[in-house]
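Asker: what follows is a predicted structure for the sequence shown.
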Amino acid sequence: MDWSKCEGSELCVTMCPAYVFEMKELTIGNRVKKVSYVIDENKCIGCFGCMIICPNNAITIEPKDLNKINRVRQTTLV
Ligand code: SF4
């Protein structure tokens, strides 16, 4: 999550099926802004919805994140 790009649309909060995000006030420098905040990345199921829907490209899912998601899926399926 790149908070400098987040404009607080809440689209990711609304669409995430795993309830990974919530809105939070964040102080960046001397400015307070409402941004989307990751409350539990371990809940992520890797649907990419948040990354696609964000109008400001504030969310990036890295390959290392996908490895972690796949490990969670494998653990869950066993
Ligand atoms: S990729 Fe993960 S965090 Fe993003 S919307 Fe899907 S489940 Fe939620």
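Answerer: Looks like it came in fine.

Asker: can you give me the neighbour number for the nearest residue to residue 2 once chain neighbours are set aside?
Answerer: In space, and not counting its chain neighbours, residue 2 is closest to residue 58: 4.8 Å by CB to CB, 6 or more residues apart in numbering. Bear in mind the C-beta positions are built from the backbone N, C-alpha and C, glycine included. Applying other CB atoms under 10 Å, we find 20 residues neighbouring residue 58.

Asker: quick one: the strands in this structure?
Answerer: Counting by DSSP state E, the chain has strands at residues 21-28, 31-38.

Asker: contact partners for the residue nearest the centre of the chain?
Answerer: Nearest to the mean C-alpha position of the chain, counting by CA atoms, centre = their mean, stands residue 38 at 5.3 Å. For residue 38, the contacting residues are 1, 20-21, by CB atoms under 8 Å, 6 or more residues apart in numbering.

Asker: kindly recompute the last result at 6 Å.
Answerer: 1, 20 (CB atoms under 6 Å, 6 or more residues apart in numbering).

Asker: list the contacts of residue 51.
Answerer: Per CB under 6 Å, 6+ apart, neighbours of residue 51: 59, 61.

Asker: poorly predicted segments of this structure, please.
Answerer: Residue ranges of the chain with pLDDT under 70: 71-78.

Asker: need the residues of it near the ligand, please.
Answerer: Residues of the chain found near the ligand (CB under 6 Å from any ligand atom) are 16-18, 20, 44-50, 61.

Asker: redo that, cut-off 5 Å
Answerer: Contact residues (CB under 5 Å from any ligand atom) of the chain with the ligand: 16, 18, 20, 44-45, 47, 49-50.

Asker: which stretches in the chain count as helices?
Answerer: Using DSSP state H, the helices of the chain run over 11-15, 49-53, 63-77.

Asker: which residues are contacting stretch 5-14?
Answerer: Taking CB under 6 Å, 6+ apart as the rule, stretch 5-14 contacts 21, 34-36, 50, 53-54, 56, 58.

Asker: ok, the closest residue to residue 12 other than its chain neighbours - contacts?
Answerer: Computed as CB to CB, 6+ apart, the closest residue to residue 12 that is not its neighbour in sequence is residue 50, at 3.9 Å. Taking CB under 6 Å, 6+ apart, we find residue 50 in contact with 12, 16, 59.
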